[in-house]
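# Structure, please.
(3 chains, ligands or ions: 2)
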Amino acid sequence: MKQVFGYPESLQTRPNHYCPGCTHGIIHRLVAEAIDELQVREKAIAVAPVGCAVLAYNYFNCDAQQAAHGRAPAVATGIKRALPDRIVFTYQGDGDLASIGMAEIVHAANRGENITVIFVNNAIYGMTGGQMAPTTLPGQKTTTSPYGRDTATTGYPIQVCEMLSTLKAPAFIARVSVHDPKNVLKAKEAIKKAFEYQVNGKGFTLVEVLSTCPTNWGMTPVEALKWLENNMIPAFPLGTFRSLEEVSK
Amino acid sequence: MAKVTFNEERCKGCEICVSVCPKQIIHMADRFNSKGYRPAEVIEQDKCIGCAFCARMCPDVVIEVYK
Amino acid sequence: MAERIMMKGNEAFAEGAIKAGCHFFFGYPITPQNEIPEYMSRRMPEVGGTFIQAESEVSAINMVYGAGGAGARAMTSSSSPGVSLKQEGISYIAAAEVPCVIVNVARGGPGLGGLTPSQADYFQAVKGGGHGDYHMVVFAPASVQEIIDLMYEAFVTADKYRTPVMVLADGLLGQMMEPVVLRDWEDLQIPEKPWATTGMVSGKPQSVINSLGLAPEELENLNLRLQKKYRTIEENGVRYEEDGVEDAELIIVAYGTSARVSKSAIAKARAEGKKVGLFRPITLWPFPSKRLAELAEAGKRFMAVEMSAGQMIEDVKLAVNGKTEVEFYGRYNGAIPSVTEVYQAIIKSFDNREVQK
Ligand SMILES: Cc1ncc(C[n+]2csc(CCOP(=O)(O)OP(=O)(O)O)c2C)c(N)n1
Ligand code: SF4
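Ligands and ions are numbered 1, 2, ... in the order given. Below is the predicted model:
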């Protein structure tokens, strides 16, 4: 019998600290698999965010820098400019990327920095205990929107892929989900494609991955997957928003 | 013929694998691992089709699949 | 022999950095230091380097963190309000022990302040500025030539101690034209940086640039290491200049532009027989406290002259430790004290002594 599914080399063997059933773990594995398949682990440099993935440097089996909250795209810019032949990626949550780090992500995208951004959207601030995120859904209850997100005073979920797709420079922008095996496969393809773009020097790539936070959503992991499918996907449609190949066709 | 193996010590008992197995052969064990979680296990190994749904959905890379 | 050329202070920061092997500049425009990014945008492509006009000072300092962490000599420059924005990054850089250089061509504050030269960022520069128990080495040049020389020192010091280094000047120094000698540093070689995140190529162990220490003992160990490093820098890194302190009764303590003004005022007072000397700290951190303590022990009085409401004077007082008097003369509306004003302050100090006697 041949192994058809095993442990990726680009993931350290140390168990992760994520809550049971949190899909951060799946996304980590997909990133590691993509790096493995493209054989760029030795060249990879990760930039960890502030958020639940702050310890990502303990999980990815590559060099890493830990950035201040929201600043990962700027840090990645510095690394990539200093080492253009390395594969530089950030791994950021929605508070990190779409709130405090909005300027950094927009401008890294607009400069067409040849980096890959893995954007984990779980519609909540996980690490700090479930506060409202810029991607929290209308009516969604969080610890700072206890009556449900009120769009009249807090606005609407920010659609990062759609927004960044208005820029000319980005090479690849896609939104995927990890709520079932089929979508996990698609997510993997998108992540691999993004890294492939970077390897080929195509420019800025971002994959938004819809993710769960069972702990702060107050659900079992399995319920959380269902909730993601039923509530998040309508608000954050899946798909490829930018793909240079398709543009050039 | 297919086989799945579970690295029980890594399991956090989230039950996602149980929910996605098309053959419904994954169950939560009656024992606890050293982290205090009830690990997932397969009881009817011979029914496994090696689809790797469980492994793909596992956030903790507990599962290996052989075919 | 390198030739003498006329150069503006701000250009000297930029060219001095390039001569020191810095090929990565990240900045955001702010007066009165705009010539630095402008010069860099022109020069970096010529030397195969990188210039990025960042979206903010916050981003600029984080790009420095990234490039510095990846092993490059990297810098940013700004002026007071922009340097305030960089404080988050500087704290991370100090904690993660990433070498880099930050230039502050300071202007009057607080708030948006004005465009006029100021020394009111002293506290921010030497007392932390950002959060946590850290220091950065702070150099204070007083001439355009010294800007060039200290930019080199700054990069060498940053690499040697894996620490952020600030070169703190004011708008006057930035705008001033002076003749300089542009040397090629013979010993210019960037040290090996095995800790840098350059990829786990050919079996290199994982490098992590990080400032998180969730376990209390982990964080305490980081702080113990940092403090040990700071003691070493205090031991070996102090720089200052003295002029006429041996026979002086009164010593003016001033840095940067204030020191230049004070020098002329001192010459004028000396011509009238007043025994006054100049003590010019070149490193503001580590502060030349030991030497000031010796001078206080010898019975000298002091006067801090600053373009602020009195910030460095606190370090002078700490060094003197109550042994003798420490007076203050400052202008702090973003104005530069004139030679006459400082001269008059010196004369007044001597007159007051006469009255007391
Ligand atoms: C400057 C700063 N502000 C606030 C925080 C506190 N903080 C830590 S994580 C976080 C939010 C993280 O949420 P998200 O980016 O969505 O990631 P998740 O934890 O959900 O994966 C906040 C606000 C911080 N560390 N630094
Ligand atoms: S708090 Fe939420 S996002 Fe963070 S590890 Fe737990 S489940 Fe995952």
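# Close to chain A: what parts of the stretch 51-200 of chain C are there?
Within reach of chain A by CB under 8 Å from any CB of the partner chain, the stretch 51-200 of chain C has these residues: C:52, C:54-56, C:58-60, C:62-72, C:74, C:88-89, C:92, C:96, C:197-200. C-beta here means a position set from N, CA and C on the backbone, and glycine is covered the same way.
# Try it again at 10 Å.
Contact residues, the stretch 51-200 of chain C versus chain A (CB under 10 Å from any CB of the partner chain): C:51-56, C:58-74, C:88-89, C:91-93, C:95-96, C:98, C:100, C:196-200.
# Buried by neighbour count, from those residues: which ones?
Restricting these to buried positions leaves C:51-56, C:58-74, C:88-89, C:91-93, C:95-96, C:98, C:100, C:196-200, with burial counted as 16 or more other CB atoms under 10 Å in any protein chain shown.
# so how far is ligand 1 from whichever residue of chain A sits closest to chain C?
Closest approach between chain A and chain C, counting by CB to the nearest CB: residue A:78, at 2.5 Å. According to CB to the nearest ligand atom, to the nearest Å, residue A:78 and ligand 1 sit 19 Å apart.
# contacting residues around the residue lying closest to that residue once chain neighbours are set aside?
Spatially, and ignoring its direct neighbours in sequence, residue A:78 is nearest to residue C:66 (2.5 Å; CB to CB, 6 or more residues apart in numbering or on different chains). Neighbour list for residue C:66: A:45, A:47, A:65, A:67, A:71-83, A:88, C:24, C:26, C:72, C:74, C:98, C:197, C:209 [criterion: CB atoms under 10 Å, 6 or more residues apart in numbering or on different chains].
# Name the SS class of residue C:66, please.
Following DSSP: H, G, I helix; E, B strand; the rest coil, the label given to residue C:66 is helix.
# Could you give the number of residues near the nearest residue to residue C:331 once chain neighbours are set aside?
Once flanking residues are discounted, residue C:331 sits nearest to residue C:337: 4.6 Å by CB to CB, 6+ apart. Using other CB atoms under 10 Å in any protein chain shown, residue C:337 has 22 other residues around it.
# now swap in residue C:234 and tell me
Neighbours of residue C:234 using other CB under 10 Å come to 16.
# cool, residue C:208 as well?
There are 19 residues near residue C:208, going by other CB under 10 Å.
# got the contact list for the residue nearest to residue C:331?
C:254, C:257-258, C:261-262, C:265, C:305-307, C:329-331, C:343, C:345.
# Which ones among those lie within helices?
Counting by DSSP state H, the part of the contacts of residue C:337 found in helices is C:257, C:258, C:261, C:262, C:265, C:343, C:345.
# still on that earlier bit, am I right that the residue of chain A closest to chain C sits in a strand?
No: the assignment for residue A:78 (three-state DSSP) gives helix, which keeps it out of a strand.
# Contacts only, for it.
By CB under 10 Å, 6+ apart, the neighbours of residue A:78 are A:47, A:65, A:67, A:71, A:88, C:24, C:26, C:50, C:52, C:54, C:59-70, C:72, C:74, C:98, C:100.
# can you pull out the strands in chain B?
B:3-6, B:26-28, B:40-42, B:63-66 (DSSP state E).
# right, and these - which one's nearest ligand 2?
Nearest to ligand 2, of all those, is strand B:40-42, at 18.1 Å by CB to the nearest ligand atom.
# just checking, what packs against that closest one?
strand B:3-6, helix B:16-20, strand B:26-28 (3 or more CB pairs under 10 Å, 6 or more residues apart in numbering or on different chains; DSSP states H and E).
# Buried residues of the longest one, list them for me.
By neighbour count, and taking 16+ other CB under 10 Å as the criterion, the buried residues in helix B:16-20 are B:16, B:17, B:18, B:19, B:20.
# Remind me which helix or strand the residue lying closest to the fourth one once chain neighbours are set aside belongs to.
Okay, so that is residue B:19. Excluding the flanking residues, the one nearest residue B:19 by CB to CB, 6+ apart is residue A:222, at 4.5 Å. Assessed by DSSP states H and E, residue A:222 sits inside helix A:221-227.
# Show me what that helix is packed against.
helix A:214-217, helix B:16-20, helix B:53-57.
# now do 7 Å
With contacts taken as 3 or more CB pairs under 7 Å, 6 or more residues apart in numbering or on different chains; DSSP states H and E, helix A:221-227 sits against helix A:214-217, helix B:16-20.
# Quick check: chain neighbours aside, which residue is closest to the residue in the stretch 51-200 of chain C positioned nearest to chain B?
Nearest residue of the stretch 51-200 of chain C to chain B (CB to the nearest CB) works out as residue C:200 at 20.0 Å. Closest residue to residue C:200 apart from its sequence neighbours, by CB to CB, 6+ apart: residue A:42 at 5.1 Å.
# That neighbour contacts residue C:198, doesn't it?
No: using CB atoms under 7 Å, residue A:42 is not in contact with residue C:198, being 10.1 Å away.
# quick revisit: test for you: state the pLDDT assigned to the residue nearest to residue C:331.
Here the pLDDT value assigned to residue C:337 is 94.
# and if you look at residue C:140?
pLDDT at residue C:140 comes out at 98.
# Filter the contacts of residue C:66 down to the ones in helices?
Those of the contacts of residue C:66 lying in helices (DSSP H): A:72, A:73, A:74, A:75, A:76, A:77, A:78, A:79, A:80, A:81, A:82.
# What about ligand 2: which of those residues touch it?
Residues of the ones in helices among the contacts of residue C:66 in contact with ligand 2 (CB under 6 Å from any ligand atom): none.
# I'd like the residues you listed laid out as a markdown table, including distance to residue A:23.
As requested, the ones in helices among the contacts of residue C:66 are exported to a markdown table (distance: CB to CB, whole Å):
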| residue | distance to residue A:23 |
| --- | --- |
| A:72 | 20 |
| A:73 | 22 |
| A:74 | 27 |
| A:75 | 25 |
| A:76 | 23 |
| A:77 | 28 |
| A:78 | 30 |
| A:79 | 27 |
| A:80 | 27 |
| A:81 | 32 |
| A:82 | 33 |
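# Can you tell me which of those residues is nearest chain B?
residue A:72 (21.8 Å).
# Excluding residues flanking it in the chain, which one is nearest that closest one?
In space, residue A:72 is closest to residue A:90, 3.8 Å off (CB to CB, 6+ apart).
# how about residue A:217, what does it touch?
A:124, A:224, A:227 (CB atoms under 7 Å, 6 or more residues apart in numbering or on different chains).
# ok, the second one - contacts?
What it means is residue A:224. Per CB under 7 Å, 6+ apart, neighbours of residue A:224: A:21, A:212, A:214, A:217.
# Give the buried subset of those residues as a PyMOL selection command.
Only the buried entries of these go into this PyMOL selection, using 16+ other CB under 10 Å:
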select buried, chain A and resi 21+212+214+217
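# among the contacts of residue A:224, which are within reach of ligand 2?
Checking the contacts of residue A:224 against ligand 2 by CB under 6 Å from any ligand atom, the ones in range are residue A:214.
# Taking the contacts of residue A:224 together, which two end up most distant?
A:21 and A:217 (10.6 Å; CB to CB).
# looking at chain A, which helix or strand is least sure?
helix A:244-248 (a mean of 66; mean pLDDT, DSSP states H and E).
# so where is the chain shaky, pLDDT-wise?
This is for chain A. A:246-249 (pLDDT under 70).
# could you do chain C instead?
Those would be C:1, if you go by pLDDT under 70 across chain C.
# which SSE is residue C:169 in?
Per DSSP H and E: strand C:164-170 holds residue C:169.
# what's the next secondary structure element after that strand?
That would be, after strand C:164-170 and using DSSP H and E, helix C:171-175.
# What is the very next helix or strand once past that next one packed up against?
Scanning forward in sequence from helix C:171-175 by DSSP H and E, the next helix or strand is strand C:177-181. Counting contacts by 3+ CB pairs under 7 Å, 6+ apart, strand C:177-181 is packed against strand C:4-8, helix C:144-161.
# neighbouring strands for strand C:177-181, and are they parallel or not?
strand C:4-8 (antiparallel) (DSSP bridges).
# Could you name the helices and strands sitting against the following helix or strand past the partner strand?
Using DSSP H and E, the helix or strand that follows strand C:4-8 in sequence is helix C:9-19. Counting contacts by 3+ CB pairs under 7 Å, 6+ apart, helix C:9-19 is packed against helix C:35-46, strand C:100-106, helix C:144-161, helix C:171-175.
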